[in-house]
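Q: Predicted coordinates and the sequence they were generated for:
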Amino acid sequence: MERRLFAMNIVSMYDVVSTPIETLNEEFGWFWGRIVLPHAHGQDASIMSDPYSYQPRNVSIGHGQTLYHDYNGAEAKLVLRELVDRVTKRLRAKGVEGSVIHVSVGYSKKAPGGFSRQRTIEVTDSPTVIYQTVVSLFDEFYTGGPIRRLGVSVGHVTTKNHQQIDLFGQVQRQTKERALWTAMDQIQTWYGKNACLRAVNFKKESTMRERNGLIGGHRA
């Protein structure tokens, strides 16, 4: 818009308010022409609460992380598991589940590039199911470069209001898994984020324990 205004010799707010509305409509179209002129006068009919009432059509919940040094594929999978645990904890806290699993991987400066892929599955909040999908995407598209950035998100999030019945015990397994993770969530709420963790979170490649001690992504 700035470039187009300069082309019309409009370089200040005074120039805007001095320009006929017909000229603005001709350049920017009827809609934007009618908006530019009132804004130049400092007039805005927007309601203050409007930005906060906006609800995106497709909600997603995710976490990303820039690593302290380059990771290989095996090390990255440990961090991906931790990201999945973080995402699914937020899903449980909100009482929602999702069906679009997204993975992003960024390589270091030594090997610029990376990939971003997603896959649609049955709606779930299961850390096991989501991690299996994440690893499947990672194995399919990872080319072996040194990894410096990782991200996981679950999209098309909806309120958990149904349960798919099967004949092979999947619902029972997921119910037990959800009860286990809910108990871990409560322990972490009461005694701290590092009070109850996976055993793999104590490996040297893990970033979970250190990041749990950060405030707003920074050391206190």
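A: Thanks, I have the structure now. Residues are numbered from 1 along each chain as shown.

Q: what ranges do the helices span in the protein?
A: Remark: helices of the chain, listed N- to C-terminal, are 2-7, 13-17, 21-40, 50-53, 73-94, 127-141, 170-191, 208-212; assignment by DSSP state H.

Q: next one: stretch 5-21 to chain centre, how far?
A: On the basis of CA atoms, centre = their mean, to the nearest Å, stretch 5-21 sits 40 Å off its chain's mean C-alpha point.

Q: Next: stretch 108-125.
A: Relative to where its chain is centred, stretch 108-125 has its mean C-alpha point 12 Å off (CA atoms, centre = their mean).

Q: Now that stretch - C-alpha only, CSV.
A: Coordinates of the C-alpha atoms in stretch 108-125 are reproduced here as CSV (Å, rounded to 0.1, in the frame of the first residue of the first chain):
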residue,chain,number,x,y,z
SER,A,108,21.6,-26.2,11.2
LYS,A,109,23.6,-23.6,9.3
LYS,A,110,26.0,-26.5,8.2
ALA,A,111,23.2,-28.0,6.2
PRO,A,112,20.4,-25.4,5.5
GLY,A,113,16.9,-26.6,5.0
GLY,A,114,14.6,-29.0,6.7
PHE,A,115,11.0,-30.1,6.2
SER,A,116,7.5,-29.5,7.4
ARG,A,117,4.9,-32.3,7.0
GLN,A,118,1.6,-33.3,8.4
ARG,A,119,-0.7,-36.4,8.5
THR,A,120,-4.4,-36.8,9.3
ILE,A,121,-5.3,-39.6,11.7
GLU,A,122,-8.3,-40.6,13.8
VAL,A,123,-9.0,-37.9,16.4
THR,A,124,-7.0,-38.5,19.6
ASP,A,125,-5.1,-37.1,22.5
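
Q: Since that was my last question, I'll sign off now.
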